[in-house]
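below are the sequence and a predicted model for it; my questions follow.
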Amino acid sequence: GGGGRWIAMNTKVAPFDDINVRKAVIAGFDKEALRLTRGGEVIGDIATHYIPPGLAGFEEAGGLEGFGLDFESNPKGDMNLAAEYFREAGFESGKYEGDEELLMVGDNEGVGARTAEVAKEQFERLGFTVQLRQVTHESMYTKFCGIPAQKVAICPNVGWLKDFADPQTYLDATFNGEAINPANNNNWSQLDVPEINQAMNEAALLTDPQERADAWAEIDRMITEQAPAINWIWD
């Protein structure tokens, strides 16, 4: 293990600059349907936070159960809860009401293509209009999702694998705002929260194993509460 996959929502692009819209999406998404695109429960557990099983901080972050956040609580999706968050964002119908077309760039072949197609269906069920552009996996990263200037709203085929057995290698490159680069960017959600950035920089200096695990678990909580992505599988 030591890895996972998520559908990044670009927090710099409307409407995903609204945390309640992001929470609504996560609440309503059927993660079971996404997992089926890669073979079902045999491939791994449905994720409830970011640090994967096998890394320090996983148990401190709640293990398989996670932090108990309501919008992460139903792996099949809860449309009623999604509606509550959409109303918090100002959409009285309980679904997204904007008429803009959001760009999603995903894989064009294999199980990744199917995951992208199912993700598009899920967004449309929640009221979004999505233009899915499918390209090679390499181009998805190098020409679109890894280039912030492209303003891709949704990247359905991203994920991470630990470089070595430490949670910093999993969370720092992917959610530290100071790690956002003009090219080869791995913070696909472009999450840039000063409190999280500072917490990561401080946690990186810790040497005691338990203190380090506790600190990165707390960072995991902070990231998960920001709802930057539909985090759907620990491979």
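Yep, it's here.

let's verify I223: helix, strand, or coil?
Under DSSP: H, G, I helix; E, B strand; the rest coil, the three-state class of I223 is helix.

where exactly do the strands run in this protein?
Using DSSP state E, the strands of the chain run over 3-9, 101-107, 129-135, 154-161, 229-234.

in the protein, which spans are helices?
19-28, 31-36, 79-88, 110-125, 137-139, 168-175, 194-203, 209-225 (DSSP state H).

can I get the strands of the chain in JSON lines with mean pLDDT and distance to G28?
(Glycine included, C-beta is placed from N, CA and C.) Below are the strands of the chain laid out as JSON lines (pLDDT from 0 to 100; distance: least, Cβ to Cβ, whole Å):
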{"stretch": "strand 3-9", "mean pLDDT": "97", "distance to G28": "13"}
{"stretch": "strand 101-107", "mean pLDDT": "98", "distance to G28": "16"}
{"stretch": "strand 129-135", "mean pLDDT": "98", "distance to G28": "14"}
{"stretch": "strand 154-161", "mean pLDDT": "97", "distance to G28": "14"}
{"stretch": "strand 229-234", "mean pLDDT": "98", "distance to G28": "10"}
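
which stretch among those strands comes nearest Q190?
Ranking the strands of the chain by proximity to Q190 (Cβ to Cβ) places strand 3-9 first, at 8.5 Å.

report the inter-axis angle for the closest one versus helix 19-28.
130 degrees (axes from the mean of the first three to the mean of the last three Cα atoms, to 10 degrees).

with just CA atoms, put strand 3-9 into PDB.
Only the C-alpha atoms of strand 3-9 are listed here, as PDB (Å, rounded to 0.1, in the frame of the first residue of the first chain):
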ATOM      1  CA  GLY A   3      -0.800   5.100  -2.000                       C
ATOM      2  CA  GLY A   4      -4.200   6.500  -2.900                       C
ATOM      3  CA  ARG A   5      -6.300   8.100  -5.600                       C
ATOM      4  CA  TRP A   6      -8.400  11.200  -5.600                       C
ATOM      5  CA  ILE A   7     -10.400  13.500  -7.900                       C
ATOM      6  CA  ALA A   8      -8.900  17.000  -7.400                       C
ATOM      7  CA  MET A   9     -11.200  20.000  -7.400                       C
END
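
and the gap between the residue located most distally from the centre of the chain and N185?
In the chain, the residue that sits farthest from the middle, by Cα atoms, centre = their mean, is D208; the gap is 28.8 Å. According to Cβ to Cβ, to the nearest Å, D208 stands 32 Å off from N185.

do P15 as well
Distance of P15 to N185, computed by Cβ to Cβ: 21 Å.

those two: which has the busier surroundings?
Set P15 next to N185 and count neighbours by other Cβ atoms under 10 Å: P15 wins out with 22 against 18.

who touches stretch 165-182?
Residues lying outside stretch 165-182 but in contact with it, judged by Cβ atoms under 8 Å, 6 or more residues apart in numbering, are 2, 50-52, 54-57, 147-149, 160, 162-163, 185-194, 196-197, 200-201, 203-204, 212-213, 216-217, 219-220, 223, 228.
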